[in-house]
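[1] coords please:
(2 chains)
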2 protein chains.
Amino acid sequence: MPIYRAPVDDVQFLINDVFHLDRYANLPGFADASADVVAAILGEAAKFCEEELTPLNRVGDAQGCTRHDDGSVSTPAGFPEAFRKLAAGGWIGISAPVEFGGQGLPMILTQAVNEFVSSANVAFAMYHALTQGAIFALISHGTPEQKALYLPKMIAGEWTGTMNLTEPHCGTDLGLIRSRAAKQADGSFRISGTKIFISAGEHDLAANIVHLVLARIEGAPEGTRGLSLFVVPKVLPNADGTLGARNAVSCGAIEHKMGIHGNATCVMNYDGATGWLVGEENRGLPAMFTMMNEARLGVGVQGLALSEVAYQNAVAYAKERLQGRALGGARAKDKSADPIIVHPDVRRTLLTIKSFNEAARALVIWTALASDLHRRSDDEKIRQAADDHMGLLTPVIKGVLTDQGFANTVMAQQIFGGHGYIVEHGMEQFVRDARITMIYEGANGIQALDLVGRKLPKDGGRALQAFLAEVQGFIKEHGADAAMKPFVEPLGRATGRLQQATMWFMSNALGRPEHAGAGAYDYMHLFGLVALGYMWCRMARAAQEKLERGADGAAERMQAKLITGRFFMERMLPKTQAQLARIEAGADSVMQLPDESF
Amino acid sequence: MPIYRAPVDDVQFLINDVFHLDRYANLPGFADASADVVAAILGEAAKFCEEELTPLNRVGDAQGCTRHDDGSVSTPAGFPEAFRKLAAGGWIGISAPVEFGGQGLPMILTQAVNEFVSSANVAFAMYHALTQGAIFALISHGTPEQKALYLPKMIAGEWTGTMNLTEPHCGTDLGLIRSRAAKQADGSFRISGTKIFISAGEHDLAANIVHLVLARIEGAPEGTRGLSLFVVPKVLPNADGTLGARNAVSCGAIEHKMGIHGNATCVMNYDGATGWLVGEENRGLPAMFTMMNEARLGVGVQGLALSEVAYQNAVAYAKERLQGRALGGARAKDKSADPIIVHPDVRRTLLTIKSFNEAARALVIWTALASDLHRRSDDEKIRQAADDHMGLLTPVIKGVLTDQGFANTVMAQQIFGGHGYIVEHGMEQFVRDARITMIYEGANGIQALDLVGRKLPKDGGRALQAFLAEVQGFIKEHGADAAMKPFVEPLGRATGRLQQATMWFMSNALGRPEHAGAGAYDYMHLFGLVALGYMWCRMARAAQEKLERGADGAAERMQAKLITGRFFMERMLPKTQAQLARIEAGADSVMQLPDESF
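    Numbering: from 1, shown residues only, chains lettered A, B, ... in the order given. The predicted structure is shown next:
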């Protein structure tokens, strides 16, 4: 049975020592998030995830979800009770507005807690993540009546939410959506169509399910400019929030998937279901996209979360499994062999994962802070800079944290040798579960195109310039500091390569966009390494400061940070050379091969 | 339902145009392998794999194997009949000695056909691969009586074989083996112990199963120097080959695994089972290791095979799935969108897989040829050079072809978007099935250590020197040829890095072996890229020659080779920079972290 310990200390190090949450006490809700409150919240979340959700992870995988003949769906044993506890603990609405029953706390805390939940049980986490996404969409675009009706129930976890975009013939290319909405005399709409891959589309965790559905109003233009967003509840609510009649929406099937078996992935049939417009007509896609940054950040967190829990189990196994002897002579002389953690290649593997996880967690917290600043600051400039940061970093976090998160679960599984391939050890489940994160909320190739095609050129490259200015400012500030040299120098080289790659696109891709398309994926990962490397520089500096101050019993942890960070800078950043070379290779050999020759 | 077309043309190109099988007609058995015979054999194998084995692949995954209360095991529906056809087709003994019923043909053909079988159905392929391995061990180490009794039955597929090494507490570290053998008055032994992860350990495909078992004779030394190899048949054969009494060996359980569900992975209990010594007492491990090169090469082939079949399905999907428009303007104007193969990032992904597969196939054929030369040449020098080649390249092929083969199945799955995560499309099965190849027959970390710790220093580095001399000879010979420049120049740079990495080990790892351990994995992959790059140079030259000669209707295929090869040289070889940098980073940051800080 896999173990899990939530990395509470590491989150606190980031919040308190690296990003200094206390410096933002002027923001609404931040004053409530004192170090003590944060510690209490994280501690409670950790306990809930470790004790309630972790034991249900294997159960969920083995049992999966069951669709009954009447279209109802049962989740695995224990899920309904765990969801009630999650809701009762207030974990859904940590950052939701107080007026609707939320706690109004920073998004930093939501993302930190969501990492814990996803490590413990990512299939379970999807029910709550989709609900958070739907809450966010209604906050941003719902009418006052819609907010009053839906938000309190969803924040309390009495009702859950979904997002309905994909159809059988269209995923990425939403302009092809065929679902239709017919306007009724009372202002409501009748929604008809089939949606697929709807996570948490039907289940037994809550009394109602609030579907957010993209559809085309009759007569609307073709393409994405004719899509509108609708709220379509499974059960039609009365004005007082009590439940009325069943709506004409039903689960036609659940998918048989590689992983996240505990989450019901549904085919949803809308047969003239009653729905109401959210936001403006034909502005459904932009409305969906305002919640996309948070949703994509959340999927990046899932990649990190699975990497983290897989890592913890690999470490435990590496300390316990006896096989072979250390190169420098036996270490466990009283035993038949040494634990495999003595072997350089095992340590290399573990450090590859560990050094990624800690930087990825920092990148998430840093970006969640931007999301808070964007939403809560009263300074227009700060809001804009934070929005730029979110827009630029979100595809990087989604693409890189899930690609590498998945790769890390595979590495962690490898530590177990043959035992890693056996279901009962649970390592192969992490691999199967992590695989979806590279696909949903926009496959990672789409993230790369979003970064290169949209986010780079936006506003004359303002977001990238601000990012580079911050990184270079740090390098300049600490370049003369001998203790920071092993961090700052490799970051400087990697950042130079990122600039060179950007210049190459500017010089070549304007005339031939295929050059950008052919290099986008490598650019995303190059950007990721620079961003993660920058996070290591920030963490190294914070660790050194903490050690200089005396470190309050955290000295060993801070020393470990510095070693882990050096490993990352030495061994991960050199990859940026290859990425740059591939980008500069351009599109020729990519586009030349005739389709028939593939 | 996934498709599969065996790459017969590509194998013929390698055999006829790149490696010129006709130049080896002096070797025993090679004269029988004329181009026509090879074409006929490959064509027949292709037909069998495409028509009989491919349709059973999903069935095997869905049904898995079932162990009954009496310890018997049923394989999935259709497997027994398919195995009878495989045996009747003579596919098990293509390269086995004619005197025992084999066809005596080159190992090149066995490996080529094994690729087809593994692409079609890798779980099924394991029954026949293990039998081939056991045949090989008995040919090398069995007594004349053992050979006469077992080989004809195994080559005919009436009996199958297994290899029993792993025990619950030991996989890599075989010195810890606890299974015991007690000598009997009649010269036989009573074998007792538990073996795990025994592929094809029990099944309903054949009348008897011939287990090869590592165990320790009572009183033998501890460690690997006290291990002996035994043949332990499931049913005791009479001297005339008819079946006698059931032996005291049974399947205690079958494992519930991530993939290859169609293969029974068994816990085997030996309860005083009767066995006979194979080879000398206490020389069991060296005896096992003589068959290891071929077995490891075979697992490398499985990595390639799964990469190939996943690639073919991804290409089919990319040509069919309509989504978005080409960057240069709509291509399929009559349709709602273009097929996704127009998108640079999709093409980049497909070419990454394709350019790897074709080079990997060449590396396998080249190395299988060395295995033939080693076994069949009458020239001592050629035999030695071939043995050096096999020893050096085997860990590279096993490690690199399975690591990258697995990564390629993941990339191919990604082309399908959300549909790739759904079981019915079959893409996720390729990923799950491919995952085991990185683990069994020596986990890939062990391959890296074998390469760096054993194969490099062996005989004063003779094998590596010969490899480098050949590669550099080619570079020198073709360096001035303008058409070969895009191939030879990147190979020259990559080869320089391989030499630099080797020098670094020589200068640093003798004094501190941890430096070798920390860099071994990157060295294996660096070596792999140089070897694959060299294969592309050989193929490019052969394609150019063929085009110069007129190409006999293969002009498009040869042009495609050149484009695909250029893609590989431009985009895959730059990674060698990062690998060298990591190797030269050494062991410091790898070894420094205290165990408690992981």
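[2] buried stuff in the longest strand belonging to chain A?
    For chain A, the longest strand by residue count, based on DSSP state E, is strand A:265-278. Neighbour-count burial for strand A:265-278, with 16 or more other C-beta atoms under 10 Å in any protein chain shown as criterion, is recorded at A:265-270, A:273-278. For the C-beta atoms, the positions are set from N, CA and C on the backbone; glycine is no exception.
[3] repeat that for stretch A:65-84.
    Along stretch A:65-84, these residues count as buried under the neighbour rule (16+ other C-beta under 10 Å): A:65, A:67, A:73-76, A:78-79, A:82-83.
[4] same deal with stretch A:222-237?
    Going through stretch A:222-237 with 16+ other C-beta under 10 Å, the ones that come out buried are A:224, A:226-237.
[5] which one of those residues sits closest to residue A:492?
    residue A:224 (41.1 Å; C-beta to C-beta).
[6] does the nearest residue to that closest one once chain neighbours are set aside sit in a helix, a strand or a coil?
    Of all residues not flanking residue A:224 in the chain, residue A:175 sits nearest, at 4.5 Å (C-beta to C-beta, 6 or more residues apart in numbering or on different chains). Under the three-state scheme (DSSP: H, G, I helix; E, B strand; the rest coil), the conformation of residue A:175 reads as helix.
[7] among the buried residues of stretch A:222-237, name the ones in strands.
    Using DSSP E, the members of the buried residues of stretch A:222-237 that fall in strands are A:227-233, A:235-237.
[8] out of these, which comes closest to chain B?
    residue A:227 (15.1 Å; C-beta to the nearest C-beta).
[9] measure that closest one to residue A:293 for me?
    Residue A:227 sits 19 Å away from residue A:293, going by C-beta to C-beta, to the nearest Å.
[10] count of neighbours near the closest residue to chain B within the stretch 1-150 of chain A?
    At 9.6 Å from chain B, residue A:62 is the closest residue in the stretch 1-150 of chain A, using C-beta to the nearest C-beta. Residue A:62 has 15 neighbouring residues, counting by other C-beta atoms under 10 Å in any protein chain shown.
[11] now the phi/psi pair for it, please.
    Main-chain dihedrals, residue A:62, degrees, to the nearest 10: phi -70, psi -40.
[12] quick one: pLDDT of it?
    Confidence per residue is given as pLDDT, and for residue A:62 that number is 98.
[13] residue contacts, it?
    Residue A:62 makes contact with A:76, A:261 under the criterion C-beta atoms under 8 Å, 6 or more residues apart in numbering or on different chains.
[14] for residue A:430, same thing?
    If you count contacts by C-beta under 8 Å, 6+ apart, then residue A:430 has A:2, A:306, A:309-310, A:313, A:409, A:412-413 around it.
[15] and if you look at residue A:585?
    Residue A:585 sits next to A:518-519, B:570-571 when contact means C-beta under 8 Å, 6+ apart.
[16] spell out which parts of the stretch 151-300 of chain A neighbour chain B.
    Proximity of the stretch 151-300 of chain A to chain B is assessed by C-beta under 8 Å from any C-beta of the partner chain, with A:166, A:169-173, A:176, A:196-197, A:255-259 identified as the residues in range.
[17] could you find the closest non-adjacent residue to residue A:501?
    Computed as C-beta to C-beta, 6+ apart, the closest residue to residue A:501 that is not its neighbour in sequence is residue A:583, at 4.8 Å.
[18] report the beta-bridge partners for residue A:273.
    With DSSP bridges applied, the residues forming beta bridges to residue A:273 are residue A:191.
[19] contacts only, for the closest residue to residue A:420 other than its chain neighbours.
    Sequence neighbours aside, residue A:413 is the residue nearest to residue A:420 in space, at 3.9 Å (criterion: C-beta to C-beta, 6+ apart). Going by C-beta under 8 Å, 6+ apart, residue A:413 touches A:310, A:314, A:420-421, A:427-428, A:430-431, B:435.
[20] any chance of the contacts of residue A:430 in CSV, plus distance to residue A:440, secondary structure and pLDDT?
    Shown next, in CSV, are those (distance: C-beta to C-beta, whole Å; DSSP: H, G, I helix; E, B strand; the rest coil; pLDDT from 0 to 100):
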residue, distance to residue A:440, secondary structure, pLDDT
A:2, 23, coil, 93
A:306, 14, helix, 98
A:309, 19, helix, 98
A:310, 19, helix, 98
A:313, 24, helix, 98
A:409, 16, helix, 98
A:412, 22, helix, 98
A:413, 22, helix, 98
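[21] so residue A:439 versus residue B:414, what's the distance?
    Following C-beta to C-beta, the distance that separates residue A:439 from residue B:414 is 7 Å.
[22] now for these two: what residues contact both?
    Going by C-beta under 8 Å, 6+ apart, residues that sit against residue A:439 and also against residue B:414 are residue B:420.
[23] that older thread, now, which of the contacts of residue A:585 sits nearest residue A:118?
    Taking C-beta to C-beta as the measure, residue A:118 sits nearest to residue A:519 out of the contacts of residue A:585, at 31.1 Å.
[24] what about the closest one, helix or strand, and which?
    In this structure, residue A:519 is located in helix A:514-549 according to DSSP states H and E.
[25] give the contact list for the residue of the stretch 401-550 of chain A found nearest chain B.
    Among residues of the stretch 401-550 of chain A, the one nearest chain B by C-beta to the nearest C-beta turns out to be residue A:517. It sits 3.2 Å away. The neighbourhood of residue A:517, defined by C-beta under 8 Å, 6+ apart, consists of A:449, A:452, A:587, B:327, B:343-345.
[26] is stretch A:342-362 anywhere near chain B?
    Yes: counting by C-beta under 8 Å from any C-beta, chain B has neighbours in stretch A:342-362: A:343-351, A:354.
[27] one more: stretch A:574-582?
    Yes: when contact is scored as C-beta under 8 Å from any C-beta, part of stretch A:574-582 falls within range of chain B: A:574-575, A:577-578, A:581-582.
[28] so can I have TSV of the residues you listed showing pLDDT and secondary structure?
    As requested, the residues of stretch A:574-582 next to chain B are arranged in TSV below (pLDDT from 0 to 100; DSSP: H, G, I helix; E, B strand; the rest coil):
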residue	pLDDT	secondary structure
A:574	97	coil
A:575	98	helix
A:577	97	helix
A:578	97	helix
A:581	97	helix
A:582	98	helix
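[29] tell me the one of the contacts of residue A:430 nearest residue A:398?
    residue A:306 (14.1 Å).
[30] mind listing what the closest one touches?
    Residues touching residue A:306, when contacts are defined by C-beta under 8 Å, 6+ apart, comprise A:118-119, A:122, A:405-406, A:408-409, A:430, A:433-434, A:437.
[31] got TSV for the residues of stretch A:342-362 next to chain B, with neighbour count, distance to residue B:495 and secondary structure too?
    Supplementary listing: the residues of stretch A:342-362 next to chain B in TSV, determined by neighbours: other C-beta atoms under 10 Å in any protein chain shown; distance: C-beta to C-beta, whole Å; DSSP: H, G, I helix; E, B strand; the rest coil:
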residue	neighbour count	distance to residue B:495	secondary structure
A:343	23	29	coil
A:344	24	26	helix
A:345	23	24	helix
A:346	24	30	helix
A:347	26	29	helix
A:348	24	24	helix
A:349	22	27	helix
A:350	21	32	helix
A:351	24	29	helix
A:354	25	33	helix
